[in-house]
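In: Got a predicted model here, sequence first, then my questions.
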Amino acid sequence: MSKAAINTCPFHPDGPGGSSSSGLDLIRTTIGRPIGTVGIRVPLRRAVANLGHDRLNRRSVGLRGRGVRRCQNPLERSFGSVHNRNMPDDLYDRDVLAWSEHQVKLLRRAARGERVNDIDWTHVVEEIEDVGLSELNAVHSLLRQILVHLLKLHGWPGLSACRHWRSEIVAFQSDAQRRYAPSMRQRIDVEALYARALLQIEPLRYGGGPPRQAPGTCPVSLDDLLTAACRDLEAAFPAACTPS
């Protein structure tokens with residue numbers, strides 16, 4: 001470092017402060033007020049806790065990958081602008097939370113009309129697609145659990161566990177109603193869910209014996225599973241087994 005740069009650098013031992021204490025004082029006076037950057041206040045608090053002997057650790061400050069405006073703050077003059085620094089290519093695999101927060105900032109900038117070049121479109125599209133699929137899978141799981149518990153009630157009536165099974169059905173149904181969307185209707189196969197539920201209870205034994213014979217096909221519809229009262233759902237199973 002040149003002598004002129006040393007004389008003006010608050011973090012250098014031979015600078016105007018003579019020690020790292022001047023750097024600490026500069027950070028203390030900076031933290032808590034806007035400094036012309038986006039999202040830098042919290043990383044600076046972490047930097048104070050991780051401060052080295054006479055200079056800031058750049059990774060502790062958290063400057064990597066932050067999109068910030070150019071300013072004349074002493075910290076930015078020391079470390080340089082980070083407006084165009086990209087996040088690591090493998091961040092999506094290493095830290096999906098940090099990746100998502102960074103992508104949200106970029107997308108918001110793009111929505112404001114800024115030119116943004118480092119949006120991870122491949123993974124952004126995958127994540128958007130996964131949002132819908134995860135909701136669909138959640139509804140599938142909840143409906144299957146309702147059918148499993150209805151089969152338990154049908155297979156082993158009169159057990160003390162029946163009260164618990166009924167309360168579980170009410171809870172599963174409430175969650176399914178909340179997460180269900182009309183566009184899911186064409187992608188929910190109730191008969192397939194029923195077949196999986198039958199397989200799930202097949203090895204179970206309550207009260208020392210196997211369950212009663214279950215209906216060969218699902219006796220309730222999708223709308224029934226979502227809206228019918230538990231007692232009506234439960235009554236549909238023995239009714240389906242009664243010869244007409």
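Out: All right, it came through fine.

In: Which residue, other than its chain neighbours, is closest to Cys218?
Out: Leaving aside its sequence neighbours, Cys218 sits nearest to Tyr194 (C-beta to C-beta, 6 or more residues apart in numbering; 3.7 Å). The way it works is simple: take the backbone N, C-alpha and C, and place the C-beta from them, glycine included.

In: Please work out how many residues are found near that neighbour.
Out: Around Tyr194 there are 24 other residues, counting by other C-beta atoms under 10 Å.

In: Flag every buried residue along the helix or strand in which it is found.
Out: Using DSSP states H and E, Tyr194 sits in helix 190-201. With burial defined by 16 or more other C-beta atoms under 10 Å, the residues of helix 190-201 counted as buried are 190, 193-194, 197-198, 201.

In: Near Ser174, how many other residues are there?
Out: Ser174 has 11 neighbours, counted by other C-beta under 10 Å.

In: tell me the SS of it?
Out: Put simply, Ser174 is helix when judged by DSSP: H, G, I helix; E, B strand; the rest coil.

In: Helices of the chain, start to end?
Out: In the chain, the helices defined using DSSP state H lie at 3-8, 21-30, 41-49, 58-61, 74-79, 91-94, 96-111, 121-155, 162-179, 190-201, 222-227, 230-241.

In: With distance to Gly209 and mean pLDDT added, can I get those in JSON lines?
Out: Output for these, formatted as JSON lines (distance: least, C-beta to C-beta, whole Å; pLDDT from 0 to 100):
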{"stretch": "helix 3-8", "distance to Gly209": "86", "mean pLDDT": "53"}
{"stretch": "helix 21-30", "distance to Gly209": "72", "mean pLDDT": "42"}
{"stretch": "helix 41-49", "distance to Gly209": "61", "mean pLDDT": "38"}
{"stretch": "helix 58-61", "distance to Gly209": "63", "mean pLDDT": "35"}
{"stretch": "helix 74-79", "distance to Gly209": "73", "mean pLDDT": "33"}
{"stretch": "helix 91-94", "distance to Gly209": "50", "mean pLDDT": "90"}
{"stretch": "helix 96-111", "distance to Gly209": "48", "mean pLDDT": "93"}
{"stretch": "helix 121-155", "distance to Gly209": "9", "mean pLDDT": "94"}
{"stretch": "helix 162-179", "distance to Gly209": "15", "mean pLDDT": "97"}
{"stretch": "helix 190-201", "distance to Gly209": "13", "mean pLDDT": "96"}
{"stretch": "helix 222-227", "distance to Gly209": "27", "mean pLDDT": "97"}
{"stretch": "helix 230-241", "distance to Gly209": "17", "mean pLDDT": "92"}
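
In: can you tell which of those is closest to Gly216?
Out: Closest to Gly216 of these is helix 230-241 (C-beta to C-beta; 8.4 Å).

In: which other helices and strands contact that closest one?
Out: Other helices and strands packing on helix 230-241, by 3 or more C-beta pairs under 8 Å, 6 or more residues apart in numbering; DSSP states H and E, are helix 121-155, helix 162-179, helix 222-227.

In: out of these, which comes closest to Asp90?
Out: Comparing the helices and strands packed on helix 230-241 by C-beta to C-beta, helix 121-155 comes nearest, at 11.3 Å.

In: Tell me which residues of the closest one come out buried.
Out: Of all the residues in helix 121-155, those buried under the rule 16+ other C-beta under 10 Å are 123-124, 136, 139-140, 142-155.

In: how is the chain carved up into domains?
Out: Per automatic domain parsing, the structural domains of the chain span 3-64, 123-241.
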